[in-house]
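Undergrad: Here is my input, please return the structure:
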Amino acid sequence: MIPEVPGAADVTGAPEFEDPVWPWKEAPIATLVQRIHQLQAERSQAFRRLDEAHRQYLRSGPHYDFPRYRTAVHEVTQVFAAASREVLAVEAELAGPREQPLLAGHVRSLQQLEQTRLATVALLQLMATPEVTNQEDSTETHQLKTKVIKTMEAISEVLQELRLDAESAE
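TA: Here you go, the predicted structure:
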């Protein structure tokens, strides 16, 4: 919740709001990079949860428990959205006030790779549902699984580059 400015409602008749205080504003670059790594860990945990929810959904047949799966997807989506907002805030901080375009570029790449990973995992899960499963899709499924693996490898590389370049920036 964003705190109200004391007395603002009295002047205009409506509450006014302050900008929320971002806890990393004055943090050293190393702390920002550490936070990116923590957010990546949260994303990884969310992917595991999404995968488990999908497996449970597939095992719940023949009367599939879609409401439970939908709830899990919604919760995981909230985790991804919160992580993305914070990653974008770190990117903006690095690109702007910190004047670290190289580090900001790494964070931007990381965000784009995570978007690719999520979209690919979602497509894989859709293709695995009984209503959509088709033997002809096995080649496409293999290609998508390979894409997920390569994307995860690229994410690891970007995280490593971010860490190393951040050490040089301090």
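Undergrad: Surely Leu50 touches Val121?
TA: Yes - Leu50 lies in contact with Val121 (Cβ atoms under 8 Å); the separation is 6.9 Å. Every residue, glycine included, has its C-beta placed from N, CA and C.
Undergrad: ok, these two, which is more surrounded?
TA: Taking other Cβ atoms under 10 Å, Leu50 and Val121 do not tie; Leu50 has more neighbours (22 against 19).
Undergrad: Now the more buried one: closest residue in space that isn't a chain neighbour?
TA: Among residues not flanking Leu50 along the chain, Val76 sits closest, at 4.7 Å (Cβ to Cβ, 6 or more residues apart in numbering).
Undergrad: What residues sit buried inside the helix or strand encompassing that neighbour?
TA: Element membership for Val76 (DSSP states H and E) is helix 66-95. Neighbour counts over helix 66-95 (16 or more other Cβ atoms under 10 Å) mark 69, 72-73, 76, 79-80, 83-84, 86-87, 89-91, 93-95 as buried.
Undergrad: Pick the one among these closest to Thr151.
TA: For the buried residues of helix 66-95, the residue nearest Thr151 by Cβ to Cβ is Phe80; the value is 14.7 Å.
Undergrad: Excluding sequence neighbours, find me the nearest residue to that closest one.
TA: Per Cβ to Cβ, 6+ apart, closest to Phe80 is Ala46, 6.0 Å.
Undergrad: what packs against the host helix or strand of Ser44?
TA: In this assignment (DSSP H and E), Ser44 forms part of helix 29-59. Judged by 3 or more Cβ pairs under 8 Å, 6 or more residues apart in numbering; DSSP states H and E, the packing partners of helix 29-59 are helix 66-95, helix 101-128, helix 138-169.
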